[in-house]
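**Q** What follows is a protein structure lacking sequence information:
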């Protein structure tokens, strides 16, 4: 590979990484806006049920532990990728995918349960803000799962080259970001919500 090709590849990698961080910062702004909206509308129940009446904390705690475990497994997947251990990469990212699907299934179960009991996003400002904030996080989890589905088959066909390791690293940063957002959701929405 010539020096000019190496230089242009490094410049492209730098632009990609910078663009990714810009994207994460815009996502921070999006979630900050949703958190602010939730904070304003948290007490707007219109006489309906509030957080302390609706949230099942053991269920939400299980959700949280599943997502935090997936953050650990994706980290181990990136470490394996940097060491060129393809089988371990596939195992850890496969486990992360399964945990992500389990988390998403639990989130959808919670939504379904609320809607079935007549507590949909249309009932009050509080529930609108809740469904929007938590649902937006769920959409991001779905995006991360699709990203994994697109990357993992390429490991089989192309192996663990430097570009694949960078892509897996960016995916893991995105996944860790979603875990941090969930910790804020768990604290602000659920823990503060059930505290009287």
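**A** Yep, that arrived. Quick caveat, the model's predicted, so the values are computed rather than measured. Residues are numbered from 1 along each chain as shown.

**Q** Tell me the helices and strands packed up against the lowest-mean-pLDDT helix or strand in the chain.
**A** Lowest by mean pLDDT, DSSP states H and E among the helices and strands of the chain is helix 3-41, with a mean of 80. Here helix 3-41 touches helix 125-158, helix 162-185, going by 3 or more C-beta pairs under 8 Å, 6 or more residues apart in numbering; DSSP states H and E. Just so you know, the C-beta spots here come from the backbone N, C-alpha and C atoms, and that holds for glycine as well.

**Q** just the angle between the first one and helix 162-185, please?
**A** Think helix 125-158. Counting by axes from the mean of the first three to the mean of the last three C-alpha atoms, to 10 degrees, helix 125-158 points 160 degrees away from the direction of helix 162-185.

**Q** Identify the residues contacting stretch 132-150?
**A** With C-beta atoms under 8 Å, 6 or more residues apart in numbering as the test, stretch 132-150 has contacts from 27, 30-31, 34-35, 37-38, 93, 96-97, 100-101, 103-104, 107-108, 111, 121, 171, 174-175, 178, 181-182, 185, 189.

**Q** gap between residue 147 and residue 37?
**A** Residue 147 is 27 Å from residue 37, where distance means C-beta to C-beta, to the nearest Å.

**Q** If you could redo that for residue 192, that was the one I meant.
**A** Per C-beta to C-beta, residue 192 is found 15 Å from residue 37.

**Q** And those two? Which one has more around it.
**A** Taking other C-beta atoms under 10 Å, residue 192 and residue 37 do not tie; residue 37 has more neighbours (15 against 12).

**Q** buried stuff in the helix or strand where residue 79 lies?
**A** For residue 79, the element it lies in under DSSP states H and E is helix 57-82. By neighbour count on 16 or more other C-beta atoms under 10 Å, the buried set for helix 57-82 is 60, 63-64, 66-67, 69-71, 73-74, 76-78, 80-81.

**Q** Relative to residue 129, which of those is nearest.
**A** Comparing the buried residues of helix 57-82 against residue 129 with C-beta to C-beta places residue 60 closest, at 16.8 Å.

**Q** show me what contacts the closest one?
**A** Residues near residue 60 by C-beta under 8 Å, 6+ apart: 110, 186, 190.

**Q** repeat for residue 49
**A** By C-beta under 8 Å, 6+ apart, residue 49 lies in contact with residue 119.
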